[in-house]
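>>> Structure for the following, please:
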Amino acid sequence: LKEVTYHPMMAIYLNHRENRAHASYQDDDYKNRSPHDLYTRSLIQLYTIGFYQLNPDGSAKADAAGRMIPTSSADDILDLSRVVTGFKEQLRRTNIEAVAPYENENEVDPCNIQIGPVKKPYKDILPKMG
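A predicted model of the protein is given here:
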């Protein structure tokens, strides 16, 4: 999971590169928005615990109404998306050929976690409530 999380191409594909902290991520109307949750949703549902709770025999657990019981809620995914903030690509190495329009991007070396400026932080440093 660490390799997937820090890989620059996966960060682009799973939409967590330059994912910003909640307080600094605003739309054109200056309304606060949550960080992107595509990677965290994939992390929870595809890479780790799955979509639904399972019985020891592998069958899905069901509630009293017969509906399958999910392993996570929207709040769980939002909390984890706040954890996965601040990933930025490293500066391009000079020994790698650059092809326009990507001459400033480094899609080889692992991403860095950048805290960023105080007023518009990249990394969400606030406590997670989950």
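>>> What's the local residue count around Thr85?
Neighbour count of Thr85, defined by other CB atoms under 10 Å: 25. Glycine gets a C-beta too; all of them are placed from N, C-alpha and C.
>>> And for Ala74?
Neighbour count of Ala74, defined by other CB under 10 Å: 10.
>>> what about it, distance to Lys2?
For Ala74, the distance to Lys2 equals 25 Å [CB to CB, to the nearest Å].
>>> can you check Lys61 too?
For Lys61, the distance to Lys2 - CB to CB - is 30 Å.
>>> okay, those two: which has more neighbours?
Under the criterion of other CB under 10 Å, the comparison of Lys61 against Lys2 puts Lys61 first, with 13 against 7.
>>> ok, how many other residues are close to the nearest residue to that one once chain neighbours are set aside?
For Lys61, ignoring the flanking residues on the chain, the nearest one in space by CB to CB, 6 or more residues apart in numbering is Gln53 at 4.3 Å. Gln53 has 15 neighbours, counted by other CB under 10 Å.
>>> What of Leu38?
So Leu38, with other CB under 10 Å, has 14 neighbours.
>>> need the next SSE after the longest helix seen in the chain, C-terminal direction.
Secondary structure assigned by DSSP state H gives helix 74-83 as the longest helix of the chain. Using DSSP states H and E, the next helix or strand after helix 74-83 towards the C-terminus is strand 87-88.
>>> strand partners of that following strand, parallel vs antiparallel please.
Strand 87-88 sits in its sheet next to strand 112-113 (antiparallel), going by DSSP bridges.
>>> which outside residues touch the strand it pairs with?
Strand 112-113 has contacts (CB atoms under 8 Å, 6 or more residues apart in numbering) with 86-90, 123.
>>> would you list those residues in TSV and tack on pLDDT?
Converted to TSV, the contacts of strand 112-113 look like this (pLDDT from 0 to 100):
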residue	pLDDT
Gly86	79
Phe87	81
Lys88	80
Glu89	78
Gln90	77
Lys123	72
